[in-house]
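**Student:** Next comes the sequence, and after it the predicted model I'd like to discuss.
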Amino acid sequence: MLLSVHQPTYLPWLGLFHKIAVSDLFLIYDDVPYSRSMWYNRNKILGANGPILISVPVTFRKSQQTIHRDVAIDNSKPWRKKHWRSIEQAYGSLPFFGDYADDLRTVYEAEWERLADLNERLLRLLLGFLRIDTPVRRASSYSFVGAKSDRLVDICLKLGADAHLFGALGKDYADTEAFREKGIAALFQDYRHPTYEQRKAPFVSHLSVIDLLFRRGAASREIILSNNVTREDYLALAQGVTDGGGPRPDDSSSRDVLSAGECSEHD
């Protein structure tokens, strides 16, 4: 069983949906510390004059480490109205906007207290739009122990995962030996970002997935998965790693198997 994990993220980019689509189970990592420097409360959409950054205002005590599930949204600012207006202005004239707008609008009409709850609702809605049926659970529903790689190993053991799929940046911090010792394969995504018609050159990558959905509709799922490593490829690589007959997950030969373009700050 192939497991992937990621912190709850606002209007995620295409690479996250590829990671979820090729996994047998996806875990929303909401019981770990939140970092203001990461893309958990913001993302970019494409307006008439270029990319637009939209951010959900959050508030918490700077003197304390805050867990994702506890990060509060600052509703003193009219962010919901502003975000929906920006989305509507950017994409309202596109061919598939009407296919998804009503359902997406309901998210912005609702009141949200916690960022993780908002992000989970958007993720599940977008997965439905993309017809990705990978089961999704929240880490806070369990009692995982340990820190960093040891915690991820504990997650894999308790959920019965044979392999863990990191994002591309995972190879910078993952302790692959900790996984190997427990018979779990540590694999690394290296997503090849597709291009598609945006009506304006040059192509802008690493936007929210809604940019693709509003332009290509039902074809979006296939576009996300195109020219990238499949679930079967990952499972074959995992089998080689755990059997000891294949490449180590941190070897250059393994990265060649998963070669697929650039790393992203969204990872």
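**Tutor:** Sure thing, it's come through.
**Student:** for residue 72, what are its contacts?
**Tutor:** Applying Cβ atoms under 8 Å, 6 or more residues apart in numbering, one finds that residue 72 lies in contact with 58, 59, 60, 113, 114, 115. Just so you know, the C-beta spots here come from the backbone N, C-alpha and C atoms, and that holds for glycine as well.
**Student:** Out of these, which end up buried?
**Tutor:** The neighbour-count criterion (16 or more other Cβ atoms under 10 Å) marks 58, 60, 114, 115 among the contacts of residue 72 as buried.
**Student:** So which bits of the longest helix along the chain are buried?
**Tutor:** Of all the segments of type helix in the chain, defined by DSSP state H, the longest one is helix 115-130. For helix 115-130, the neighbour count (16+ other Cβ under 10 Å) marks 115, 116, 117, 118, 119, 120, 122, 123, 126, 127, 129, 130 as buried.
**Student:** other SSEs contacting it?
**Tutor:** The contact analysis (3 or more Cβ pairs under 8 Å, 6 or more residues apart in numbering; DSSP states H and E) places helix 115-130 against helix 14-21, strand 25-28, strand 72-73, helix 97-109, strand 136-138, helix 210-216, helix 220-225.
**Student:** Can you say which of these is nearest to residue 202?
**Tutor:** helix 210-216 (14.5 Å; Cβ to Cβ).
**Student:** counting contacts, what elements does the closest one pack onto?
**Tutor:** strand 42-47, helix 79-91, helix 97-109, helix 115-130, helix 220-225.
**Student:** For the protein, which helix or strand comes out least confident on mean pLDDT?
**Tutor:** In the chain, no helix or strand scores lower on mean pLDDT, DSSP states H and E than helix 252-257, which sits at a mean of 33.
**Student:** want to throw the helices and strands packed on helix 115-130 into JSON lines with distance to residue 180?
**Tutor:** Compiled in JSON lines, the helices and strands packed on helix 115-130 are given as follows (distance: least, Cβ to Cβ, whole Å):
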{"stretch": "helix 14-21", "distance to residue 180": "21"}
{"stretch": "strand 25-28", "distance to residue 180": "21"}
{"stretch": "strand 72-73", "distance to residue 180": "39"}
{"stretch": "helix 97-109", "distance to residue 180": "41"}
{"stretch": "strand 136-138", "distance to residue 180": "25"}
{"stretch": "helix 210-216", "distance to residue 180": "36"}
{"stretch": "helix 220-225", "distance to residue 180": "28"}
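**Student:** highest average neighbour count across the ones you listed?
**Tutor:** helix 14-21 (a mean of 25; mean count of other Cβ atoms under 10 Å).
**Student:** for it, packing partners?
**Tutor:** strand 2-6, helix 115-130, helix 220-225.
**Student:** Throw the ones you listed into TSV and include mean pLDDT, thanks.
**Tutor:** As requested, the helices and strands packed on helix 14-21 are arranged in TSV below (pLDDT from 0 to 100):
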stretch	mean pLDDT
strand 2-6	97
helix 115-130	98
helix 220-225	98
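**Student:** From what I see, residue 51 and residue 207 are in contact.
**Tutor:** Yes: the criterion here is Cβ atoms under 8 Å, and residue 51 meets it with residue 207 at 6.8 Å.
**Student:** okay, these two: which has more neighbours?
**Tutor:** Ranked by neighbour count (other Cβ atoms under 10 Å), residue 51 and residue 207 place residue 207 first, with 20 against 14.
**Student:** can you count the residues close to the closest residue to that one other than its chain neighbours?
**Tutor:** Excluding the flanking residues, the one nearest residue 207 by Cβ to Cβ, 6 or more residues apart in numbering is residue 44, at 5.1 Å. By the measure other Cβ under 10 Å, the count of residues near residue 44 is 19.
**Student:** go on, residue 226?
**Tutor:** Residues near residue 226, counting by other Cβ under 10 Å: 12.
**Student:** And it, how far from residue 216?
**Tutor:** As judged by Cβ to Cβ, to the nearest Å, residue 226 and residue 216 stand 11 Å apart.
**Student:** Show me the shaky parts of this structure.
**Tutor:** Within the chain, the segments meeting pLDDT under 70 span 62-64, 242-267.
**Student:** ok, residue 71 - contacts?
**Tutor:** 34, 40, 41, 58, 60, 114, 115, 116.
**Student:** Now do the contacts for the closest residue to it other than its chain neighbours.
**Tutor:** Spatially, and ignoring its direct neighbours in sequence, residue 71 is nearest to residue 115 (4.5 Å; Cβ to Cβ, 6+ apart). Counting by Cβ under 8 Å, 6+ apart, residue 115 touches 8, 10, 40, 41, 56, 58, 68, 71, 72, 73.
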